[in-house]
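> below: sequence and its predicted model.
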There are 4 protein chains.
Amino acid sequence: MAQNTIGTIFKVTTFGESHGAGLGCVIDGVPAGIKIDENRIQQALDRRKPGQNFGGKNNASVTARKEDDKAEILSGIFEGKSEGTPIGIVIRNTSQHSKDYGNLASTFRPGHADFAFFEKYGFRDYRGGGRSSGRETAARVAAGSVALQILENLCNIKITAWTERAAGISINKVDFSEIEQNALRAPDNEAAEKMNAKIEEIRANKDSAGGIIACRVTGLPAGWGEPVFGKLDAELAKAVVSIGAVKGIEFGAGFAASDSTGSRNNDNMRTAADGNVIFESNNAGGITGGISNGNDIFFRVAVKPVPSIFQSQKTISVDEAGLFTDSDLVIEGRHDVCLCPRIIPVIEAMTAIVLADLALQNRAAKI
Amino acid sequence: MAQNTIGTIFKVTTFGESHGAGLGCVIDGVPAGIKIDENRIQQALDRRKPGQNFGGKNNASVTARKEDDKAEILSGIFEGKSEGTPIGIVIRNTSQHSKDYGNLASTFRPGHADFAFFEKYGFRDYRGGGRSSGRETAARVAAGSVALQILENLCNIKITAWTERAAGISINKVDFSEIEQNALRAPDNEAAEKMNAKIEEIRANKDSAGGIIACRVTGLPAGWGEPVFGKLDAELAKAVVSIGAVKGIEFGAGFAASDSTGSRNNDNMRTAADGNVIFESNNAGGITGGISNGNDIFFRVAVKPVPSIFQSQKTISVDEAGLFTDSDLVIEGRHDVCLCPRIIPVIEAMTAIVLADLALQNRAAKI
Amino acid sequence: MAQNTIGTIFKVTTFGESHGAGLGCVIDGVPAGIKIDENRIQQALDRRKPGQNFGGKNNASVTARKEDDKAEILSGIFEGKSEGTPIGIVIRNTSQHSKDYGNLASTFRPGHADFAFFEKYGFRDYRGGGRSSGRETAARVAAGSVALQILENLCNIKITAWTERAAGISINKVDFSEIEQNALRAPDNEAAEKMNAKIEEIRANKDSAGGIIACRVTGLPAGWGEPVFGKLDAELAKAVVSIGAVKGIEFGAGFAASDSTGSRNNDNMRTAADGNVIFESNNAGGITGGISNGNDIFFRVAVKPVPSIFQSQKTISVDEAGLFTDSDLVIEGRHDVCLCPRIIPVIEAMTAIVLADLALQNRAAKI
Amino acid sequence: MAQNTIGTIFKVTTFGESHGAGLGCVIDGVPAGIKIDENRIQQALDRRKPGQNFGGKNNASVTARKEDDKAEILSGIFEGKSEGTPIGIVIRNTSQHSKDYGNLASTFRPGHADFAFFEKYGFRDYRGGGRSSGRETAARVAAGSVALQILENLCNIKITAWTERAAGISINKVDFSEIEQNALRAPDNEAAEKMNAKIEEIRANKDSAGGIIACRVTGLPAGWGEPVFGKLDAELAKAVVSIGAVKGIEFGAGFAASDSTGSRNNDNMRTAADGNVIFESNNAGGITGGISNGNDIFFRVAVKPVPSIFQSQKTISVDEAGLFTDSDLVIEGRHDVCLCPRIIPVIEAMTAIVLADLALQNRAAKI
């Protein structure tokens, strides 16, 4: 598992299991002299943490379990500015009380990484998912905040992700001001209420829900992305699909483009009054030839239903001799029912990490 | 553009523009002593080349332009076996006659990389797309053949991609024996005929079509994939999205999973009579926690309509002072109308490249 | 400064400045299921820490300043074994009391990285060297211990470095049992005593001393090293020269080989009674063509005198406008006088890190 | 052997065996719009090729065998300028007539990579050294010329290597104008004559000679080098030691610094009349903390005697069952006697490759 680092110039290395002492990251390649606001790192973590209830309203998606993810910054920032040296961040696991994992030590949870991990390593950290736990994404969010602060020095960038669909219900409008006002982080409070009610119903059925996240980046200049393997869309695809629970990604018109024709799908260009180039549409999602073209970056992400459900499930156990036997499993504890609201800061973070890296790489494109 | 290498242990580096002297690749990390059949490399290239007509039948998708992509192997193979040293392959461009590119030298084709390249490099190779031309994928296909031959030494692997939908028409069955019998490489001759007729109609309208490619890998053992950033699905996403014209990828149930529930989407496991583990479904596409779980790998790819169309398009030109002006463009020459049949060997190749790399990386998982 | 990671499969990322909150490392690519003794990590750190006096005897080389470098392991080890996940280690800085750095904030210490850092980053962490402080090597030593424990699972390896020469005085014998018995870590107690006396004299003169470290690795199999750029000697050269204060490295006969002839310098081979291959000499230092040949690995390292001395030195200062002026500097505080005894565990650690990485890479050489 | 690529932003990948069809390189990360003179690439290759006689005079060091190393550039350069795309270069092997290798197919040449390769790959390309042949360095020299042309766009750089000592005879002066006037590329014609005579004598004895190469880089700005593992000296050490026949490298005062004291070894700084910083000495070789400090870069390289000699040597053979037996070997054919004059362009090339990469990386140091 030698792939816990992402990036070429702006490089993020993460570590930590869900129930070990702590997790964290090392953020390398941060240019020197950039103002880094440590509070913003903490705020980003707070947006991802469990137990959020969005202003007192009921939130059917997330667990009520409260955790404080406190980022401690060990290096790389001096007098409020980046030093040009690696930023080490540690987040301790506070609730890793080694409670009774019971049958989980030898039984593989369906839909989880348990079985694949066991086959790979011949070994399993059964304590709540270990390295494959969603908890790992806290480190990504911390690093994403640093990436964003770098990007803000380069352009007037804005990265916004939102729930477009959850539990089968879609939004009907995109009003960014409503995103943080509802339990789903949907840009449509009304639709969010319906989603929340539907998820509450699914939760009552001991089941779970999935959804679709959309992400838009504005303010990005043309020219970022490194063909032919470090293309902007390719790197975003890798970064976003590396988040647990993500099962697909599409850019611009995406899968719908496959039914279109060239004349409808091509984004025509015109010269604006100020001499700049504008596109008459954005079916490409702001990326042509793997390079940002000045249009907004836009992509959608498929999020699967939470695999931990409270119904009995058919699965297998392994005994000490390594033999498999059929088993029925009922998962206990507290779990999110729908990942949408909490995966949004993670998708924004991975986007920022990719963009910061490609922005710095792009500096070598011309002398 | 320092990203023309993909992979960590099995590494492929490609080079070449569409209208330069030639293109090629260096394939590094090939273990020594593996039988490499050079004919299979050539056969893979032949499956990708333009001008194919699939047994004399009309093929509406592809250009009639004939090109011979002859692979010359310069190093790394000795007496029919890999030496453990890098394999250098060169494919010459035979039809790069520097014909009149006319207005293309200063006008940006909509839907193509032209404008983004110009913004990135302040410079443009207008000769048919340069590095962003689909011609670049010939090098990927050559490397993919070597990757596949390595994989065949490790397991009884089979990588098969096919057209699932083109020009809005879907297949109704999956019969692998029919894939190479029709113009679309669809596993359903009847549906393929309808697709071909529809594409012929679109071609007559001076327009172009897109489609969806599916890919299945059988015979892969559990355990391949390197969390948390080198996950199997993440690496496949990067590799496949790095192919021009690809606008999305989804694994297993993919976007449909977002409307499902945990109880329906989780793939339950049972013990087979022989003691092995079987899954009762494959909504995960054979990948959990970013690691192959022993189920078939399955993913779908969105392919956009060919951007080169013969209708007049609204776009911009740049003059020598760098000023943009509106322009109308009619593209000439010969072009594919639908990429589906020719992108299939490229998707298979990128899949093989990713799998060979992760197979070799996985050897470090346990001592 | 995006180069705080070393390795391809076994990857070590370090972070931390001398006077920040702490330093540490993330060790990625550790195979699962390996017994990792955390005490050995701590013992390795203890061998590097300041304030050692080697059994009560006077040690002229090192500062009397006592620091406890306590390694806290945050992840990657579960029930005494590696999980296959990254091992995160944090070592807190306990004595970073932000005392008065006086003129050091604007004056550049000769022989130190101060001026080059300032020119690179336009910025300076004047608190004791920042990232360029020797304190950074604590993280390397922790990672080296993990590397060594991996290697011990693969072969009967032994990595031993020692002081061959210090302050102009050479050893006259190599008795490994004496290395830890004297203040210099020399394999010759008698020579060590002379070195120590000479260093005491140099210290009294407010000056400092350098030396030469030798390193021998036994038990390594033939076949490690990845031509043409990841050769065993090339990777060792990079890893060892990346340690501050190192100004040269030579393998086997090294610079002396340049005066030899082929007939004398070639290591002839013979078949031993047991059928194995033996070399009649070891001028190559156990490496031919960049690959271990089964002979002992042997190399020597040049260590410069400690640049911090207590004499007044001619240097420059920079004012707030960025203008340079001449300046005289007297450095205060406590500093080592000769790095030899404390650099030995660092050289051994970097050797182990390189070897662990090449051992894992070598697994891809043959299928 | 997945390590045939060097560099992070400016990346060079090489391929090719001595007696295959050809060798070459892919040069990635070249910024767009740089004037690349293809003649200079060829001239660099001509300086490295065998059969040179330096103006008609006898050259005892090199073989009289003539080879034309013709570089063919396949991509990446358009209308005399870099496109920003990878530059593919092929150099064909013209004299790889598969003559009789006789006992070389099963006998291991002492001092060569033969035995280590066999142990690593279980397989051997006995045709003249295969990938471990010095012929591989032709690709490095071609890439080095491109690197140098990039660097010349950034600063007034000059990279000069020369023979400082050969066959035990040292130069007495450094006059750059004489370097290309003698058979040794020594900056002292008189000393070169003595070296040449001595080498002639050694050649007559069927033996070979080694030497020491010095390299100086002027015009480099301060600030290049990426701590802590991508330090300028660390990267140069790796790149130079990766050249076959190199057994050591030292920077500035190097091994002599180990006998010095801090007060003598530190390079004091003063402010020049123009406000710039000057150093009163250069014991650091222009590198402090792994970063260029504005002083000249200076290093020395130990080159071992050519291992191919015409005396009978004691070695071993392997039979088809893999059993080793003692053997006496007399090497035939034509070989260099001293590598000094031909290794100089290779050392200069590797220096340029490292510097171009660190120059581009340094652009990410500050925003």
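Now that the structure is in, tell me what you want to look at. Numbering: from 1, shown residues only, chains lettered A, B, ... in the order given.

> report how many residues lie close to residue A:38.
When neighbours are defined as other C-beta atoms under 10 Å in any protein chain shown, residue A:38 has 15 of them. The C-beta positions use only the backbone N, C-alpha and C, and glycine is treated the same way.

> partners of the residue nearest to it when sequence neighbours are not counted in the sheet?
Leaving out its chain neighbours, the residue that sits closest to residue A:38 by C-beta to C-beta, 6 or more residues apart in numbering or on different chains is residue A:73, at 5.8 Å. Counting by DSSP bridges, residue A:73 is bridged to residue A:89.

> quick one: residue A:73 and residue A:91 touch, right?
No - Residue A:73 lies out of contact with residue A:91 (C-beta atoms under 8 Å); the separation is 10.5 Å.

> quick one, helices of chain A?
Assigned helices in chain A, in chain order: A:38-48, A:114-121, A:137-151, A:189-204, A:232-241, A:262-265, A:340-362 (criterion: DSSP state H).

> and the angle from the first one to helix A:137-151?
Compare the direction of helix A:38-48 with that of helix A:137-151 by axes from the mean of the first three to the mean of the last three C-alpha atoms, to 10 degrees and you get 140 degrees.

> remind me what helix A:38-48 packs against, helices and strands.
strand A:71-73, helix A:137-151, helix A:340-362 (3 or more C-beta pairs under 8 Å, 6 or more residues apart in numbering or on different chains; DSSP states H and E).

> could you do the fifth one as well?
When contacts are defined as 3+ C-beta pairs under 8 Å, 6+ apart, helix A:232-241 sits against strand A:246-251, strand A:297-303, helix A:340-362, helix B:232-241, strand B:246-251.

> residue A:173 - how many residues pack around it?
Neighbour number of residue A:173 under other C-beta under 10 Å is 11.

> contact partners for residue A:26?
A:12, A:13, A:86, A:87, A:88, A:89, C:4, C:13, C:14, C:15, C:26 (C-beta atoms under 8 Å, 6 or more residues apart in numbering or on different chains).

> which residues pair with it across the strands?
residue A:13, residue A:88.

> in the stretch 201-350 of chain A, which residue sits nearest chain D?
The minimum distance from the stretch 201-350 of chain A to chain D, using C-beta to the nearest C-beta, falls at residue A:227 (7.8 Å).

> quick one: contacts for that residue?
Contacts for residue A:227 (C-beta under 8 Å, 6+ apart) come out as A:289, A:290, A:291, B:1, B:3, B:4, B:113, B:131, B:132, D:85.

> how close does residue A:300 sit to residue A:151?
To residue A:151, residue A:300 is 22 Å away according to C-beta to C-beta, to the nearest Å.

> so for residue A:55, what's the pLDDT?
If you check residue A:55, the pLDDT there is 54.

> ugh, wrong one, I meant residue A:125
On pLDDT, residue A:125 comes in at 68.

> how about the one residue in the stretch 101-250 of chain A that gets nearest to chain C: what's its closest non-neighbour residue?
At 3.7 Å from chain C, residue A:121 is the closest residue in the stretch 101-250 of chain A, using C-beta to the nearest C-beta. Of all residues not flanking residue A:121 in the chain, residue C:32 sits nearest, at 3.7 Å (C-beta to C-beta, 6+ apart).

> just grab the bridge partners of the one you found for me.
residue B:366.

> chain D versus that one, what's the distance?
22 Å (C-beta to the nearest C-beta, to the nearest Å).

> residues near that residue, how many?
23.

> what does the one 5 residues further on give?
Around residue C:37 sit 13 other residues, with neighbours defined as other C-beta under 10 Å.

> pretty sure it sits against residue C:152.
No - the pair residue C:37 / residue C:152 is not scored as a contact, 10.3 Å apart, by C-beta under 8 Å.

> what's the closest of the contacts of residue A:227 to chain C?
Comparing these against chain C with C-beta to the nearest C-beta places residue B:3 closest, at 14.9 Å.

> which stretches of chain A have low pLDDT?
By pLDDT under 70, the low-scoring segments of chain A are A:1, A:53-57, A:64-66, A:95-103, A:124-126, A:128.

> for residue A:239, which non-adjacent residue is spatially closest?
residue A:350 (4.1 Å).

> on that earlier part again, contacting residues for the residue nearest to residue A:121?
By C-beta under 8 Å, 6+ apart, the residues touching residue C:32 are A:1, A:120, A:121, A:122, A:123, B:365, B:366, C:81, C:82, C:83, C:84.

> residue A:69 and residue A:138 touch, don't they?
Yes - assessed by C-beta under 8 Å, residue A:69 is found in contact with residue A:138 at 5.3 Å.

> shared neighbours of these two, anything?
Common neighbours of residue A:69 and residue A:138 (criterion: C-beta under 8 Å, 6+ apart): A:45, A:48, A:49, A:91.

> pull out the buried members of those.
Buried members of the shared contacts of residue A:69 and residue A:138, counted by 16 or more other C-beta atoms under 10 Å in any protein chain shown: A:45, A:48, A:49, A:91.

> any idea which of these is closest to residue D:259?
Residue D:259 has its nearest neighbour among those in residue A:91, at 48.9 Å by C-beta to C-beta.

> state the distance from that closest one to chain B.
Separation of residue A:91 from chain B (C-beta to the nearest C-beta) stands at 15 Å.

> residue A:60 now?
Distance, residue A:60 to chain B, by C-beta to the nearest C-beta: 14 Å.

> for residue B:265, see how far away that residue is.
Distance of residue A:60 to residue B:265, given as C-beta to C-beta: 18 Å.

> more crowded one of the two?
More crowded of residue A:60 and residue B:265, by other C-beta under 10 Å: residue B:265, with 28 against 22.

> you'd agree the more buried one is up against residue B:254?
No - taking contacts as C-beta under 8 Å, residue B:265 lies outside contact range of residue B:254: 10.9 Å.

> count the residues that sit near the closest residue to residue A:76 other than its chain neighbours.
Distances taken as C-beta to C-beta, 6+ apart put residue A:87 closest to residue A:76, at 3.3 Å, once the chain neighbours are dropped. When counting by other C-beta under 10 Å, one arrives at 24 neighbours for residue A:87.

> touching, residue A:87 and residue A:27? I think so.
Yes - with contact defined as C-beta under 8 Å, residue A:87 counts as touching residue A:27 (4.2 Å).

> grab the nearest non-local neighbour of residue A:232.
Spatially, and ignoring its direct neighbours in sequence, residue A:232 is nearest to residue A:225 (3.3 Å; C-beta to C-beta, 6+ apart).

> same check, this time on residue A:285
With C-beta to C-beta, 6+ apart as the criterion, residue A:285 has its nearest non-adjacent residue at 2.8 Å, and that residue is residue A:252.
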